[in-house]
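Undergrad: all I have is the shape, not the residue letters:
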């Protein structure tokens, strides 16, 4: 009877996990900006919580430690903005000159090919026929721009606000949520370790991208290599979007310093770093950080992309790790865990299951 009751509890736990995953996917699709901010706050707070815990053990109030964590995030953001602005300012004259030269070269090529007149005539006719359409589309475009800007500010505020209170009240939140989690504290502890492992994987990928872009800049004679390294590394913590924005910055600096040819080569370097090479390295980086097989990471990333687009790709690896470790926790009875008695503390049980080889 006890065995049947245990099997039923495990079955309901699996059903609950599947429903939670489905609900999470639907929620992500419906509330993307808010969900991105909350997921970012969860990841960052779990990554910074060991530092806040260490400060709390030394006598510093958790509120102050959480405030220091938020100030660290704001400082890193301001550092990136400062590096970008100063880098562009130092290369602004060269950048404008390179852009003007590129436009002049393109005009010369079109003239030699006899295309300038036909292109200009076609553009003039198109403007005449569609001028009303273009004017009517300006207002919606400006409205979309204002809405996007407002969403970014609101998302940033929600991210920082939520991160602060997760760092400050994290232990109380965990204790309040524990009765509602089917597998209790062991499962919650494993989720925390998985999220921190995900941050480690992001760091490995960011360091790799920074090394590739920095090496390319060094070989091409592009200046501000230190700035490129920092921006590429920090940009990788904003998955996909951050890396490509950092790559665009590298291309602009290459254009200013070496002209269009250098910029084209830097574009190839950025695409290799953020595309082909990162795709090849990602399963191994996340696999090592999350203790999963690279093939599992690759397949979960593909499925995540099909279900939820870029956000699905971003969260596929940690979600797959959570599912895998949940199944391991369900299939591992307490007495069967090597070195852990049946009445051992649940946290020790979770650590033993997490360290068990696959």
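TA: It's in. All figures in this text were calculated on a predicted structure; none of them were measured in a lab.
Undergrad: where exactly do the helices run in this protein?
TA: Using DSSP state H, the helices assigned to the chain run over residues 2-30, 32-57, 62-90, 92-112, 116-177, 184-220, 225-235, 241-258, 260-271, 277-290, 294-331, 346-355.
Undergrad: measure residue 221 to residue 93 for me?
TA: From residue 221 across to residue 93, the span is 18 Å (C-beta to C-beta, to the nearest Å). Heads up, the C-betas are built off the backbone N, CA and C, glycines and all.
Undergrad: likewise residue 63?
TA: Distance of residue 63 to residue 93, given as C-beta to C-beta: 48 Å.
Undergrad: cool, and residue 152?
TA: Counting by C-beta to C-beta, the gap from residue 152 to residue 93 is 30 Å.
Undergrad: on that earlier part again, now the helices of the chain in TSV, with mean pLDDT?
TA: Below are those laid out as TSV (pLDDT from 0 to 100):
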stretch	mean pLDDT
helix 2-30	67
helix 32-57	84
helix 62-90	88
helix 92-112	72
helix 116-177	70
helix 184-220	87
helix 225-235	88
helix 241-258	84
helix 260-271	89
helix 277-290	81
helix 294-331	80
helix 346-355	50
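Undergrad: turn those helices into a markdown table, columns for mean neighbour count.
TA: Output for these, formatted as a markdown table (neighbours: other C-beta atoms under 10 Å):
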| stretch | mean neighbour count |
| --- | --- |
| helix 2-30 | 12 |
| helix 32-57 | 18 |
| helix 62-90 | 15 |
| helix 92-112 | 12 |
| helix 116-177 | 12 |
| helix 184-220 | 19 |
| helix 225-235 | 21 |
| helix 241-258 | 21 |
| helix 260-271 | 18 |
| helix 277-290 | 19 |
| helix 294-331 | 18 |
| helix 346-355 | 17 |
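Undergrad: what about residue 224, how many neighbours?
TA: Residue neighbour count, defined by other C-beta atoms under 10 Å, stands at 21 for residue 224.
Undergrad: skipping its backbone neighbours, what lies nearest it in space?
TA: For residue 224, ignoring the flanking residues on the chain, the nearest one in space by C-beta to C-beta, 6 or more residues apart in numbering is residue 87 at 5.0 Å.
Undergrad: how far away is that neighbour from residue 271?
TA: Separation of residue 87 from residue 271 (C-beta to C-beta) stands at 21 Å.
Undergrad: try residue 289
TA: Distance from residue 289 to residue 271, by C-beta to C-beta: 25 Å.
Undergrad: and if you look at residue 230?
TA: Counting by C-beta to C-beta, the gap from residue 230 to residue 271 is 21 Å.
Undergrad: ok, now residue 155?
TA: Going from residue 155 to residue 271 by C-beta to C-beta gives 28 Å.
Undergrad: before we move on, what about residue 256?
TA: In terms of C-beta to C-beta, residue 256 sits 20 Å off from residue 271.
Undergrad: I'd assumed residue 312 was in contact with residue 306.
TA: Yes: at 7.3 Å, residue 306 counts as touching residue 312 under the criterion of C-beta atoms under 8 Å.
Undergrad: contacts only, for the residue nearest to residue 224.
TA: Residues near residue 87 by C-beta atoms under 8 Å, 6 or more residues apart in numbering: 224, 227, 249, 253.
Undergrad: same thing with residue 43?
TA: 195, 198, 199.
Undergrad: repeat the analysis, applying 10 Å as the threshold.
TA: Contacts of residue 43 were listed using C-beta atoms under 10 Å, 6 or more residues apart in numbering, and they are 163, 195, 196, 198, 199, 202, 237, 314, 315, 318.
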